[in-house]
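>>> A structural model of the following input is requested.
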Amino acid sequence: MILDATEGVAEQDKKIVGYAHEKGKAIVLVVNKWDLVVKDDKTMNRFERKIREEITFLNYIPIIYVSALTKQRLPKILDMVDFVAEEASRRVATADLNNLIREAPRLLHHRQISIEGLRSSMLPRAVLNHQPLFCL
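Purely as a prediction, here's the structure:
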């Protein structure tokens, strides 16, 4: 998905990204015209925070800032697409998922997050497909 850095996230952008998300498609967000943005050392962080506030349901997608005009970071787009495609097609073995769920309370403890009432009956019986969809 390509966004115009000079315009930010438009309603149409949200709809298109929402459709892709609902269909379980892998997404890379490319912010073009980055050369036209007046920048300081915090601009990219502010811009990313604003994007993630606008598209809250996609806080996990990678964002890459490019300029088609100056060719800044253009070669990195395909690398990112390859990485995201590989991650999206990754299979998670049921045993590995079961182990993660068993270990989750301990792993999340340092973040002051807890999972209460986790029982073995809640462990996945199988991973249904290659998308992050699990049967509990």
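
>>> all strands for this protein, in order.
2-4, 29-32, 63-65, 126-127, 134-135 (DSSP state E).

>>> the domain parsing of this protein - what is it?
Using automatic domain parsing, the domain parsing of the chain gives 2-88, 94-135.

>>> flag the helix or strand of the chain with the lowest per-element mean pLDDT.
The weakest-scoring helix or strand in the chain, judged by mean pLDDT, DSSP states H and E, is strand 126-127 (a mean of 50).

>>> coming back round to it: pick the most deeply packed of the domains of the chain.
domain 2-88 (a mean of 14; mean count of other C-beta atoms under 10 Å). For the C-beta atoms, the positions are set from N, CA and C on the backbone; glycine is no exception.

>>> for that domain, how far is the first residue from the last?
This stretch, domain 2-88, spans 19 Å end to end (C-alpha to C-alpha, to the nearest Å).

>>> ok, stretch 59-77 next?
OK, stretch 59-77 end separation, C-alpha to C-alpha: 19 Å.

>>> what about it, average pLDDT?
What stretch 59-77 shows for mean pLDDT is 94.

>>> with stretch 94-108 instead?
82.

>>> before we move on, what about stretch 32-44?
94.

>>> which residues touch it?
2-6, 47, 65-70, 72-73 (C-beta atoms under 8 Å, 6 or more residues apart in numbering).

>>> rewinding a little: switch the strands of the chain over to CSV; also include distance to Phe83.
Formatted as CSV, the strands of the chain follow (distance: least, C-beta to C-beta, whole Å):
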stretch, distance to Phe83
strand 2-4, 18
strand 29-32, 14
strand 63-65, 11
strand 126-127, 21
strand 134-135, 22
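
>>> looking at the ones you listed, which is closest to Ala20?
Evaluated with C-beta to C-beta, the strands of the chain place strand 29-32 nearest to Ala20, the distance being 10.5 Å.

>>> can you list the strands that that closest one pairs with?
strand 2-4 (parallel), strand 63-65 (parallel) (DSSP bridges).

>>> what's the spacing between it and its chain's center?
Counting by C-alpha atoms, centre = their mean, to the nearest Å, strand 29-32 is centred 14 Å from the centre of its parent chain.
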